[in-house]
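Enquirer: with the sequence up front, the predicted model follows.
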Amino acid sequence: MSERLSEDDGFQILETGSIPTNAVMINGLPDVGLVGLLAASHIVSSLKLYEAGSIESDLLPPMIVLHGGLPKSPVRIFADDSTIVLLSETAIPVPLIRPLATGLVEWAQKKKIRLMMSIGGMAVANRQDIDAPKVFAALSEKSLEDKLGGSAEILDEGYIVGAYGLLLRKCAQSSIPAISLLTQSYYNYPDPVAAAAALTSVNKILQLKIDVGDLLKRGEEIRLRSKDIMHRTQEEMSRMNKSHEYDLPPLYG
Amino acid sequence: MSSESNKDHMGSRHSDHSPIHGSGWNTASASIEPLYNLFVAVSELVLTVDLPYVNEKKVKLRCPTKEAIEIFAATTRKITFHELGAKHRHGEFTSYHARIKIPVRVDQKKIKSKFKNGVLEIHVPRTK
């Protein structure tokens, strides 16, 4: 069931379970505030998705994660009959970002993904003073605006650094509808409140009913448990100049 | 232009802490090192510290030298690594402790702080 999708450095997607076609794919990679990882983990547990595959690459750190006493890849794919979630429990090393984005979009084309959504954070300096973080959306095509249904504010200008930026562009080039949801969050503190805000938008866009109450209730525990992965993610964000996103938007459109 | 505005908005980021035991756990003082961020803005230094399970009244600030700020914060309860999912680590902590090196000159007498939603924010004006 395994499939080699890229010539680059042994990157491959191993399929170990049934992967649906015409599904919605949601990416939860660790970045600003771990918003994507926290939100995607919550989706996996709320929708009771099964483990359906993993990402294997020599560019990942030489590590495994143990779950239920079994060794797993830190980057795994979960699914049910209509949803696929890509979730990483380690920061994606900068050299892997480009082959990962390319390989995922090629794979998404084969799986006839009908919508690719990436969930991430957008650091704001005054996060402490924001009780209800705003969600912004960058789109691969204008026609997706209607799909948002007012659940996120459109990002018209600016930079997106990292895997989500490349995914969005490659999806646009491959005619895969894609939305990057970026929620106001702390830069290097795990932010379950921002993850809950992102999930509220996901609920509206996909017409789901994921309860975010538990995410908020367990906020302090989640922040503490995610402390070390946040620290390592911060190191990768520095390497990829993530702060470039706070530069003024490009001059020419 | 954009690079300068970036500095104005976010400040220069400093975060050079590297935990020795993972989580920066100090077994002798039963403390861990919190996540923190140091921004050096034009006129001030802004330090934020993530302190889940902390009550504002239990936060203590100290300036042990001209080049450092020290933070102590007792947690609202004893926290074991076991309950955080690390079954292989036997241990617990009851506080956070960080000694943060300041990269610029500041007026430590004018230090101000606020605590909201478990995040401590410290402002100290810069001096020449």
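Expert: Alright, I've got the coordinates. Source: prediction; values computed, not measured.
Enquirer: hey, let's count contacts and neighbours off CA atoms from now on
Expert: Will do.
Enquirer: give me the phi and psi for the closest residue to residue A:23 other than its chain neighbours.
Expert: Setting aside the residues directly before and after it, residue A:23 is nearest to residue A:82 in space (Cα to Cα, 6 or more residues apart in numbering or on different chains), at 4.7 Å. Recorded main-chain torsions at residue A:82 are phi -140, psi 0, according to degrees, to the nearest 10.
Enquirer: show me where the chain has its strands.
Expert: You didn't pick a chain, so chain A it is. Listed in chain order, the strands found in chain A under DSSP state E are A:2-4, A:12-15, A:24-28, A:50-56, A:65-67, A:70-72, A:75-79, A:83-88, A:115-123, A:135-139, A:153-154, A:178-185.
Enquirer: to clarify, I was referring to chain B.
Expert: If DSSP E is used as the criterion, the strands of chain B fall at B:12-14, B:31-32, B:36-40, B:44-50, B:54-62, B:68-80, B:92-101, B:112-116, B:119-125.
Enquirer: just the CA atoms of the fifth one, as PDB, please.
Expert: The C-alpha coordinates for strand B:54-62 follow below in PDB (Å, rounded to 0.1, in the frame of the first residue of the first chain):
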ATOM      1  CA  VAL B  54      -0.200  30.000  38.100                       C
ATOM      2  CA  ASN B  55      -2.100  32.500  40.200                       C
ATOM      3  CA  GLU B  56      -1.000  36.100  39.700                       C
ATOM      4  CA  LYS B  57      -0.300  36.500  43.500                       C
ATOM      5  CA  LYS B  58       2.300  33.800  43.300                       C
ATOM      6  CA  VAL B  59       4.500  35.500  40.700                       C
ATOM      7  CA  LYS B  60       7.700  37.100  42.000                       C
ATOM      8  CA  LEU B  61      10.100  39.200  40.000                       C
ATOM      9  CA  ARG B  62      13.700  40.000  40.900                       C
END
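Enquirer: please produce a markdown table containing the strands of chain B, extended by mean pLDDT, mean neighbour count and distance to residue A:102.
Expert: Compiled in a markdown table, these are given as follows (pLDDT from 0 to 100; neighbours: other Cα atoms under 10 Å in any protein chain shown; distance: least, Cα to Cα, whole Å):
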| stretch | mean pLDDT | mean neighbour count | distance to residue A:102 |
| --- | --- | --- | --- |
| strand B:12-14 | 47 | 16 | 31 |
| strand B:31-32 | 90 | 22 | 40 |
| strand B:36-40 | 92 | 22 | 33 |
| strand B:44-50 | 95 | 21 | 36 |
| strand B:54-62 | 95 | 15 | 43 |
| strand B:68-80 | 94 | 17 | 42 |
| strand B:92-101 | 93 | 20 | 41 |
| strand B:112-116 | 95 | 14 | 41 |
| strand B:119-125 | 96 | 19 | 38 |
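Enquirer: take those and lay them out in TSV including distance to chain A.
Expert: Putting the strands of chain B into TSV (distance: least, Cα to the nearest Cα, whole Å) gives the following:
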stretch	distance to chain A
strand B:12-14	9
strand B:31-32	11
strand B:36-40	8
strand B:44-50	7
strand B:54-62	9
strand B:68-80	10
strand B:92-101	11
strand B:112-116	6
strand B:119-125	7
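Enquirer: of all these, which lies closest to residue A:131?
Expert: If you check each of the strands of chain B against residue A:131 by Cα to Cα, strand B:112-116 wins as the nearest, at 10.4 Å.
Enquirer: parallel or antiparallel, which strands does the closest one pair with?
Expert: Strand pairing for strand B:112-116, determined by DSSP bridges: strand B:119-125 (antiparallel).
Enquirer: alpha carbons of the strand it pairs with, as CSV, please.
Expert: The C-alpha coordinates for strand B:119-125 follow below in CSV (Å, rounded to 0.1, in the frame of the first residue of the first chain):
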residue,chain,number,x,y,z
VAL,B,119,0.8,35.1,30.7
LEU,B,120,3.0,37.5,32.5
GLU,B,121,4.0,40.6,30.6
ILE,B,122,6.9,42.8,31.8
HIS,B,123,7.8,46.2,30.5
VAL,B,124,11.1,47.9,31.3
PRO,B,125,12.2,51.2,29.8
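Enquirer: quick check: angle from that strand to strand B:36-40?
Expert: 30 degrees (axes from the mean of the first three to the mean of the last three Cα atoms, to 10 degrees).
Enquirer: can you give the contact residues for strand B:119-125?
Expert: Counting by Cα atoms under 8 Å, 6 or more residues apart in numbering or on different chains, the neighbours of strand B:119-125 from elsewhere in the structure are A:128, B:43-52, B:106-108, B:110-115.
Enquirer: distance between that strand and the chain's centre?
Expert: Per Cα atoms, centre = their mean, to the nearest Å, the displacement of strand B:119-125 from the mean C-alpha position of its chain is 10 Å.
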